[in-house]
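Enquirer: From the sequence below, what's the structure:
(2 chains)
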Amino acid sequence: MRTVLAILMVLCGFALQAVSYFFLAAPLGIPSGPEYSNPRLPLAPLLFILGVMLVFLAAVVYELLPEREQA
Amino acid sequence: MAVQERLERLPYGLGRFTPAWYALAGVLLALVALGAYAYLRQLIEGLIVTGLRDLGTMRGAAWGLYITFDIYFVGVSFAGITMAALIRLLNLEALKPVSRMAELLTIIALLLAGLVILPDLGQPLRGIVNLFVYARPQSPFFGTFTLVIAGYLFASLVYFYLDGRRDAALCAQVPSRLQGFHRLWAAGYRDTPAERQRHARTSFWLAIAIVPLLVTAHSTLGFVFGLQVGRPGWFSALQAPGFVVMAGVSGIGLLLVVAAILRRVLRLQEELTPAVFAWLGRLLLLLIVIYLYFTAVELLTSLYAGHHHEVALTRALLVGEYSALYWVSMGSLVLALLLLVGQVALRAYSIPLLVLSGLLVNVAAIGKRYLIVVPSQTHGALLPYGVGWYAPTWVEYSIILGLFALGTFLYALFVKVFPIVEVPAVQGGKR
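Expert: Numbering: from 1, shown residues only, chains lettered A, B, ... in the order given. Coordinates of the predicted model:
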């Protein structure tokens, strides 16, 4: 459970970074119009930062999640 | 199962605030207040109270002391997390005693790096809000913020926190005013074999993740300058690796100084042996040699085959307006190199000489950072605006002094509330 949760957080973090970088931030390419200056979704940079933090937060969750009580 | 080891009292003088500590804290807080007052003046009156002016027609420099020290603080942060990661990955047990003090140096240096950017923004709140809403993640400026603050600082905090849980659990057993704080930090840690194994696994993977992050973060900061094609002195493929290496030089140098001070003040002669300092000295020597090689390559390229703007800028550094600072910086670096080479050759290490080397490389680091930031703006214009100038004012000096004092105060405070060196294991008994 602990490992699965930590791996999920790492994957979600990387996915959030990739999606915000490639699809939500200002488009890549040679700027040919104003749409290249602004993010497609406002706060896309914040999502990218949250993605970076989520990856490292997985380590805290992995260590701090309480042990399951033995029956 | 409870923590098996027991402490009879808090180690390393934790919780004991002496009159000397209060005196130091008083001086540092007074300097912080001076910095805060200077910043308030700047916030009310605007950047006109600084020496910063627009480029071009104003013939000034838009980046000055604040950006110089931002790069310096980010550079200093290199030491801690690199040490922690290398100790973990290469099993360098000899350096373990400096691990936590280095990690703390990283965290405080990164906090200062984040804070020193604020006065550089004319209206800080507008800058901070817009960054999260509109920034372009592909930009090196945003990359620096994301990797350095969000990634690097957050990863360091996570590593630092998890690494300290065992000692927090040990300290939490001792009745004191700090017991609540230690208990909170320990977060239920009981030092069971399963917890130890889990921590070993986490710190290994964190170290694996941190090393590439570290290189990328410092390189990205170099790219902020190195990718500016229209600015002689900045546009260079060597900026990124140069930033990484200089970060190592200043970080390891400051770590030597901090370790020596703590060794003396906290009487850590048993933990911080001369062998630890010798390790750091050898590492510093290696990094200085690499940096001097980069410097020679860059000088040769710009003087031999550089565009005339590039040559003019290099002449300003070598024999012109900036020559005094340039040669003081290079002299400090070479002197530190000679001191270290002598000790390595004789295989006789002296802690005072190693500390002197650490101080010298930090003087060189600040000087070199200034020489990267300022001359390219005042002497590197491609358009015919003429030579500009920049002189920091008391406001800028006070803010920087205040930030140094804040960093020192935070470090001194932490040393009094948490073991700065890992509490050694004692088999089945009390310490």
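
Enquirer: In contact with residue 61: list those residues for me.
Expert: With no chain named, the answer covers chain A. Residues in contact with A:Val61 (Cβ atoms under 8 Å, 6 or more residues apart in numbering or on different chains) are A:Arg2, A:Leu5, A:Ala6, A:Met9. (Glycine included, C-beta is placed from N, CA and C.)

Enquirer: Let me rephrase: I mean chain B.
Expert: Remark: with contacts taken as Cβ under 8 Å, 6+ apart, B:Ala61 is in contact with B:Gly51, B:Leu52, B:Arg53, B:Leu55, B:Val373, B:Val374, B:Gln377, B:Thr378, B:Gly388, B:Trp389, B:Tyr390.

Enquirer: Would you mind putting these into a markdown table with distance to B:Gln42 alongside?
Expert: Listed next are the contacts of B:Ala61 as a markdown table, based on distance: Cβ to Cβ, whole Å:
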| residue | distance to B:Gln42 |
| --- | --- |
| B:Gly51 | 12 |
| B:Leu52 | 10 |
| B:Arg53 | 14 |
| B:Leu55 | 20 |
| B:Val373 | 19 |
| B:Val374 | 19 |
| B:Gln377 | 20 |
| B:Thr378 | 21 |
| B:Gly388 | 21 |
| B:Trp389 | 20 |
| B:Tyr390 | 16 |
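
Enquirer: Ramachandran angles for B:Pro419?
Expert: With angles defined as degrees, to the nearest 10, B:Pro419 sits at phi -60, psi 120.

Enquirer: So what touches the helix or strand containing B:Ile71?
Expert: Of the helices and strands defined by DSSP states H and E, B:Ile71 is found in helix B:65-76. For helix B:65-76, the surrounding residues in contact (Cβ under 8 Å, 6+ apart) are B:51, B:105, B:109-110, B:112-113, B:116-117, B:119-120, B:148, B:217-218, B:221, B:243, B:246-247, B:249-251, B:254, B:365-366, B:369-370, B:372-374, B:392, B:396-397, B:399-400, B:403.

Enquirer: Restricted to buried residues, select the residues you listed in PyMOL.
Expert: Burial among the contacts of helix B:65-76 is assessed by 16 or more other Cβ atoms under 10 Å in any protein chain shown; the matching PyMOL selection reads:
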select buried, chain B and resi 51+105+109+110+112+113+116+117+119+120+148+217+218+221+243+246+247+249+250+251+254+365+366+369+370+372+373+374+392+396+399+400+403
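
Enquirer: Can you tell me how far A:Ser20 is from B:Ile149?
Expert: Between A:Ser20 and B:Ile149 the distance is 16 Å, computed by Cβ to Cβ, to the nearest Å.

Enquirer: Oops, could you answer that again for A:Glu67 instead?
Expert: If you measure A:Glu67 against B:Ile149 using Cβ to Cβ, the figure is 34 Å.

Enquirer: Ok, B:Met246 next?
Expert: In this structure, B:Met246 and B:Ile149 are separated by 20 Å, where distance is defined by Cβ to Cβ.

Enquirer: And B:Leu254, by the same measure?
Expert: Shown here: B:Leu254 relative to B:Ile149, a distance of 20 Å by Cβ to Cβ.

Enquirer: and if you look at B:Cys171?
Expert: Here B:Cys171 is placed at a distance of 30 Å from B:Ile149 (Cβ to Cβ).

Enquirer: between the two, who's got more neighbours?
Expert: Just comparing B:Cys171 and B:Ile149: by other Cβ atoms under 10 Å in any protein chain shown the higher neighbour count belongs to B:Cys171, 27 against 19.

Enquirer: Let me know the helix or strand that the residue most central in space within chain A is in.
Expert: Residue closest to the average C-alpha location in chain A (Cα atoms, centre = their mean): A:Gly51, at 2.1 Å. Here A:Gly51, judged by DSSP H and E, is contained in helix A:44-64.

Enquirer: what's A:Pro39 sitting at in phi/psi?
Expert: phi -70, psi 150.

Enquirer: if I read this right, it contacts A:Phe22, doesn't it?
Expert: No - in terms of Cβ atoms under 8 Å, A:Pro39 does not count as a neighbour of A:Phe22; the distance is 11.8 Å.
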